[in-house]
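*Asks:* Requesting a structural model of the entry that follows:
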Amino acid sequence: MKKSLLPLATAIALAAATQAQAAESCPTTLRFADTGIEGSEELQRAYQGFVDEVESRLGVTVEFFPVGNRTTAINALRFEQVDIVLAGPSEYVLMAERVEGTKPITAIVRPEYYSVFIAPTDSNIETLEDIKGKHVAMKDHGSTTGHIMPSYMLSQAGLDIDSDLRISLLDGARMQALASGEVDAVGTGVRDFAPFAAQHGEENYRIIARGQDMPGDPMVAGPHLSAECISEMQEAFMNDPDGLLQAILAPGERDKYLGAEMVLVDDSAYDMVRESYALLGLSD
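*Replies:* All right, here's what the predicted structure looks like:
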């Protein structure tokens, strides 16, 4: 009987030790933001379960801090108004560049997170090189899989994105533009392909190129948090990472994280995004 109870007792002791260490190294209140959510009520509805989990694991209070966009998030980190930000890969690269000492805590690696180019099956576009002289739709400026990486893919294929083709940033209208023939191809995230092909005929469209798998969406720690605090958060987050992800998914609005995995991540994982920015001369 004692032997069977030991793992539970050990787990409880470890959790208590983690909470005690976090309470000593971290602020008593941690402020959390998601760059894609503007309002406090929406942030609370989407992440209350996650916050409850973090509070339980760290023994601290977590407050919501709405930012709405990456520019606001960068300034909030710079002026120590927020402690933890959930960001996309391209957003993190800008944060790390503009706020020295910003670090990833953990990252949520999404399945099927890479860019593709889609073209009509009956077109003469079979490779990226064939896009020269064509009109291509992408998402919005700075979108990781809808702009940054598709542009990078074209450049890697030897195309000058300023002179060899025409690119239109159409955001939500990009797929309809392909369907109507307004553009010759679309560069976008791979998850856009299946529903589009199902609606417009799988035989009518094809993926002509696939990009690299993207690094995860990082939980970003502000530079004012100590290395000890970040270490304790990493330990707490990676103690049952699936449970933490389920708390994020619970409201049913973070579908992009279905099937995702939470991992420890190093800043170097985002070098491919940095290379894309440098090559393309992109700025916020």
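
*Asks:* Regarding residue 133, what is its secondary structure?
*Replies:* Under DSSP: H, G, I helix; E, B strand; the rest coil, residue 133 falls in the coil class.

*Asks:* Apart from its chain neighbours, what residue comes closest to it?
*Replies:* residue 165 (6.4 Å; Cβ to Cβ, 6 or more residues apart in numbering). To be clear about C-beta, it is placed using only N, CA and C from the backbone, and glycine gets the same treatment.

*Asks:* Just the pLDDT for the one you found.
*Replies:* Residue-level confidence at residue 165 comes out at 97, pLDDT.

*Asks:* right, and the helix or strand after the lowest-mean-pLDDT helix or strand in the chain?
*Replies:* For the chain, using mean pLDDT, DSSP states H and E, the weakest element among its helices and strands is helix 2-25, scoring a mean of 50. With elements assigned by DSSP states H and E, the helix or strand that comes after helix 2-25 is strand 29-34.

*Asks:* what comes up buried for that following strand?
*Replies:* 30, 31, 32, 33, 34 (16 or more other Cβ atoms under 10 Å).

*Asks:* Can you name the two of the residues you listed that sit furthest apart?
*Replies:* Maximum pairwise distance among those (Cβ to Cβ): 13.9 Å, between 30 and 34.

*Asks:* these two touch, right, residue 65 and residue 32?
*Replies:* Yes - the pair residue 65 / residue 32 is scored as a contact, 6.4 Å apart, by Cβ atoms under 8 Å.

*Asks:* Which residues are in contact with each of these two?
*Replies:* residue 82 (Cβ atoms under 8 Å, 6 or more residues apart in numbering).

*Asks:* what stretches of the protein score poorly on pLDDT?
*Replies:* The chain contains residues with pLDDT under 70 at 1-23, 253, 282-284.

*Asks:* Helices along that one, start to end?
*Replies:* 2-25, 40-58, 70-78, 89-98, 149-156, 174-180, 193-200, 227-238, 241-249, 271-280 (DSSP state H).

*Asks:* wait, which of the ones you listed is closest to residue 142?
*Replies:* Nearest of the helices of the chain (Cβ to Cβ): helix 89-98, 5.9 Å.

*Asks:* Next, the angle helix 70-78 makes with that closest one.
*Replies:* Relative orientation of helix 89-98 versus helix 70-78 (axes from the mean of the first three to the mean of the last three Cα atoms, to 10 degrees): 40 degrees.

*Asks:* in helix 89-98, what's buried?
*Replies:* For helix 89-98, a neighbour-count test (16+ other Cβ under 10 Å) marks 89, 90, 91, 92, 93, 94, 95, 96 as buried.

*Asks:* gap between residue 251 and residue 104?
*Replies:* 24 Å (Cβ to Cβ, to the nearest Å).

*Asks:* between those two, which one's more packed in?
*Replies:* Legend: neighbour count by other Cβ atoms under 10 Å for residue 251 and residue 104, higher for residue 104 (25 against 15).

*Asks:* bridging residues for that one?
*Replies:* With DSSP bridges applied, residue 104 shows beta-bridge pairing to residue 220.

*Asks:* didn't it look like it was pressed against residue 267?
*Replies:* Yes - taking contacts as Cβ under 8 Å, residue 104 lies within contact range of residue 267: 6.3 Å.
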